[in-house]
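Participant: coordinates only, sequence not included:
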């Protein structure tokens, strides 16, 4: 099976390294890699100057997209699918916006579209969820699905670092991008919970309707105050389905030691979902880093090579999307004083808010 890679940065480079070191019996070979001209010497004969050398190459069976962003990756993915190439991507931004179209194009052209690495790094959450919905109704998903912010909060909580210093450490270790806004403000997790909820509930949960409240206002004083109350703070994505209504949010939450998320620290992720037959299922693993994500993408390549029946997402249901603000208890800080309130109407009334899970 011949593979082409779009983007040879942190993740794409990891994919290339893994495939190059697979045993010959795996029957996987990277033919072409598209990237900036600065990578030409390193890639040698495999360097591709244009995406067409990958997406329209008759000798390539699978295209791996590892660039990030939306507009250009969208163009690449649709071109590859229309040229009857199966696609593997880790790009949660473009998947959250165009998943229905990508799956439809894959089905129309008799190929597969795989995006396991778009949620949870090395955790096999999407494939497990797809397996579960074959025999289960899923009505709740929640978890920590951003390794960068979990690392930052853990460093602040356990080591007393400031937000700035913890984020700098995350960048140094490769857990955070130079511009970590999408992580800190919850955009990354919003895209991920959009993907998981849409697959779980059988209808697209619009990304732009999901409430998100970031952690940029978290301070050492807030974490210390919660610790004195026997609690801690985690950045959590959650969705609950009740008929045609889906409550969904990405926000900091206050949890106590009896919650399964309490001990999930540093770059690790944990995701749970509730099934009608299997009850609660949980998944734990590294959600950030080069090789956890790259490994998930190579696993998708192996799944494409298998004879298993492909999954195609279909947007069969329309949901009313709400948040948890008016129906939950919140920990709030105003003028340096903390308290608990039942329901929130106006976030701007407080300096900081966190839902009590």
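Facilitator: That came through, no problem. Predicted, not measured: the structure shown is a model, and the values here were computed from it.
Participant: and the helices in the stretch 201-350 of the chain?
Facilitator: With DSSP state H, counting those that start in this stretch, the ranges of helices along the stretch 201-350 of the chain come out as 220-228, 290-305.
Participant: likewise for the stretch 51-200 of the chain?
Facilitator: In the stretch 51-200 of the chain, the segments counted as helices under DSSP H, counting those that start in this stretch are 52-55, 71-82, 92-108, 125-132, 147-159, 163-172, 181-184, 187-201.
Participant: which residues of the stretch 101-250 of the chain score low on pLDDT?
Facilitator: The model of the stretch 101-250 of the chain has no residue with pLDDT under 70.
Participant: hmm, residue 343 and residue 327 touching each other?
Facilitator: Yes. Counting by C-beta atoms under 8 Å, residue 327 touches residue 343, with 6.6 Å between them. C-beta here means a position set from N, CA and C on the backbone, and glycine is covered the same way.
Participant: geometric centre of the chain: which residue is closest?
Facilitator: In the chain, the centroid-proximal residue (C-alpha atoms, centre = their mean) is residue 119; its distance is 2.8 Å.
Participant: separation between that one and residue 92?
Facilitator: Per C-beta to C-beta, to the nearest Å, residue 119 is found 6 Å from residue 92.
Participant: mutual contacts of the two, please.
Facilitator: Common contact partners of residue 119 and residue 92 (C-beta atoms under 8 Å, 6 or more residues apart in numbering): 192, 195.
Participant: any chance of the helices of the stretch 201-350 of the chain in CSV, plus distance to residue 270 and mean neighbour count?
Facilitator: As requested, these are arranged in CSV below (distance: least, C-beta to C-beta, whole Å; neighbours: other C-beta atoms under 10 Å):
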stretch, distance to residue 270, mean neighbour count
helix 220-228, 19, 15
helix 290-305, 14, 21
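Participant: put together CSV for those helices, with distance to residue 354 on each row.
Facilitator: Below are the helices of the stretch 201-350 of the chain laid out as CSV (distance: least, C-beta to C-beta, whole Å):
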stretch, distance to residue 354
helix 220-228, 8
helix 290-305, 28
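Participant: which residue packs closest to the residue nearest to the centre of the chain, ignoring adjacent ones?
Facilitator: Excluding the flanking residues, the one nearest residue 119 by C-beta to C-beta, 6 or more residues apart in numbering is residue 192, at 4.5 Å.
Participant: show me the contacts for the one you found.
Facilitator: Shown in contact with residue 192 (C-beta under 8 Å, 6+ apart): 92, 96, 118-120, 145-146, 237.
Participant: what do you get if the cut-off is 6 Å, keeping everything else the same?
Facilitator: Contacts for residue 192 (C-beta atoms under 6 Å, 6 or more residues apart in numbering) come out as 92, 119, 145.
Participant: the last one: neighbouring residues, count only.
Facilitator: Pointing back at residue 145 there. Neighbours of residue 145 under the rule other C-beta atoms under 10 Å: 29.
Participant: just to revisit the earlier point, nearest to residue 282, of the helices of the stretch 51-200 of the chain?
Facilitator: Residue 282 sits nearest to helix 125-132 of all the helices of the stretch 51-200 of the chain, at 10.0 Å, using C-beta to C-beta.
Participant: list of residues touching that closest one?
Facilitator: The contact list for helix 125-132 (C-beta under 6 Å, 6+ apart) reads 116, 119, 199-200, 271, 275, 283, 311.
Participant: what do you get if the cut-off is 7 Å, keeping everything else the same?
Facilitator: Identification of contacts with helix 125-132 by C-beta atoms under 7 Å, 6 or more residues apart in numbering yields 115-116, 119, 138, 196, 199-200, 271, 273, 275, 278, 281, 283, 311.
Participant: then stretch 345-354?
Facilitator: By C-beta under 7 Å, 6+ apart, stretch 345-354 touches 213, 217, 222, 233, 251-254, 326, 330-334, 344.
Participant: now do 10 Å
Facilitator: By C-beta atoms under 10 Å, 6 or more residues apart in numbering, the surrounding residues in contact with stretch 345-354 are 211, 213, 215-219, 222, 226, 231, 233-236, 251-255, 325-326, 330-339, 341, 344.
Participant: average model confidence for it?
Facilitator: Throughout stretch 345-354, pLDDT has a mean value of 96.
Participant: ok, back up a step: just the buried residues out of the contacts of helix 125-132, in ChimeraX syntax.
Facilitator: Applied in ChimeraX, the following selects the buried portion of these according to 16 or more other C-beta atoms under 10 Å:
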select :115,116,119,138,196,199,200,271,273,275,281,283,311
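Participant: could the contacts of helix 125-132 go into TSV alongside distance to residue 179?
Facilitator: As requested, the contacts of helix 125-132 are exported to TSV (distance: C-beta to C-beta, whole Å):
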residue	distance to residue 179
115	23
116	25
119	21
138	34
196	25
199	28
200	30
271	25
273	31
275	37
278	39
281	34
283	28
311	33
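Participant: now do the same contact list for residue 45.
Facilitator: Residue 45 touches 31-32, counting by C-beta under 10 Å, 6+ apart.
Participant: would you agree it falls within a helix?
Facilitator: Yes. Counting by DSSP: H, G, I helix; E, B strand; the rest coil, one finds residue 45 located in a helix.
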